[in-house]
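Asker: got a sequence here, can you build the structure:
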Amino acid sequence: MNRLDHLVIAAETLAQGVEYVRSTLGVEIPKGGVHKTMGTHNHLMQLGNSAYLEVIAIDPQGLTPEQPRWFNLDDALMRDSLGQQPRLIAWVINTADIHQLHRNSAFSTGNPTELSRDNLRWQIALTADGRLLANGLLPYIIQWHSKPHPSLAMAGLGCRLQSLEIHHNRPDWLRSMLESIGADHLVSIHGLPDNEPSYLSARIKTRSGTKILASRVLQ
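Answerer: A predicted model of the protein is given here:
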């Protein structure tokens, strides 16, 4: 069965992303590593149930990659919005057969791409232009070729994902897309009026209560 792998918070700089997590969840998310192929670096922590939280940013010391960076980080509008505030931008599911999931999908998931960092190896489906899938509301797909799952080596800081929710103007369409990749059971889908922007939100239990991470500023 496909499972939720991780949530992605993007920031203009890692320092800003770390401060955002500190102010929102009340924890100091530890350093992760560098993705040389993508020109990014990250911080990581557990969220329970073999899921984790990633804070990612463009690595100012890294080389410019040959292809567009993942998570739409090269896009001018994305960079402008992250300059205002870090935010939740994407979610990732893991599967035992990324190629089969790619074939079954009712939407373009991107092409399965081999990547590695330190002793970790994985394939992730990436779009040629680096764009998010449905503006981050449809998930990236990953298959790990390293065991155990990398979240087990990450710090557990008392934060646990309670639910992942998508608020969308076309909930039936979204549900059908997620059903095609076996991911509809991983999220709660809520309808929105046409005049409201769709968004992703994660409810996280922390030592100081339940907090919300979202892909837009909630009023």
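Asker: how does this structure divide into domains?
Answerer: In the assignment given by automatic domain parsing, the structural domains of the chain cover 3-153, 160-214.
Asker: now the longest helix anywhere in the chain: mean pLDDT?
Answerer: Looking across the chain with DSSP state H, the single longest helix is helix 14-25. Mean pLDDT, helix 14-25: 98.
Asker: can you list contacts of that helix?
Answerer: If you take Cβ atoms under 8 Å, 6 or more residues apart in numbering as the criterion, helix 14-25 is touched by 9-11, 27-29, 41-43, 53, 55-57, 85-87, 159, 204, 206, 211, 213. Just so you know, the C-beta spots here come from the backbone N, C-alpha and C atoms, and that holds for glycine as well.
Asker: give me the buried subset of those.
Answerer: 9-11, 27, 29, 41-43, 53, 55-57, 86-87, 159, 204, 211, 213 (16 or more other Cβ atoms under 10 Å).
Asker: among those, which lie within strands?
Answerer: Of the buried ones among the contacts of helix 14-25, the ones assigned to strands by DSSP state E are 9-10, 41-43, 53, 55-57, 87, 204, 211, 213.
Asker: and of those residues, the nearest to His145?
Answerer: The closest of those to His145 turns out to be Asn42 (Cβ to Cβ; 19.0 Å).
Asker: my read is that the closest one contacts Val55, right?
Answerer: Yes - Asn42 lies in contact with Val55 (Cβ atoms under 8 Å); the separation is 6.0 Å.
Asker: and stretch 17-35, which residues are buried?
Answerer: For stretch 17-35, the buried set under the neighbour-count rule, 16+ other Cβ under 10 Å, comprises Gly17, Val18, Glu19, Tyr20, Val21, Thr24, Leu25, Val27, Ile29, Gly32, Val34, His35.
Asker: the last one contacts Leu115, correct?
Answerer: To tie it back to what came earlier, the one meant is His35. Yes - His35 is within contact range of Leu115, at 7.3 Å (criterion: Cβ under 8 Å).
Asker: which residues in the protein form helices?
Answerer: Ranges of helices within the chain are 14-25, 76-84, 98-104, 171-180, based on DSSP H.
Asker: of the ones you listed, which is nearest Tyr140?
Answerer: Each of those has some distance to Tyr140 by Cβ to Cβ; the shortest is helix 98-104, at 10.5 Å.
Asker: and the closest one, what does it pack against?
Answerer: Counting contacts by 3 or more Cβ pairs under 8 Å, 6 or more residues apart in numbering; DSSP states H and E, helix 98-104 is packed against strand 111-117, strand 120-126, strand 140-144.
Asker: most tightly packed of those?
Answerer: Among those, strand 140-144 has the highest mean neighbour count (mean count of other Cβ atoms under 10 Å), at a mean of 21.
Asker: please enumerate residues in contact with it?
Answerer: Residues contacting strand 140-144 (Cβ under 8 Å, 6+ apart): 5, 70, 90-98, 101-102, 109-110, 112, 120-126, 133, 150, 181.
Asker: chain center to that strand: distance?
Answerer: Its chain's C-alpha centre and that of strand 140-144 lie 11 Å apart, by Cα atoms, centre = their mean, to the nearest Å.
Asker: before we move on, what about stretch 29-40?
Answerer: That offset, for stretch 29-40, works out to 14 Å (Cα atoms, centre = their mean).
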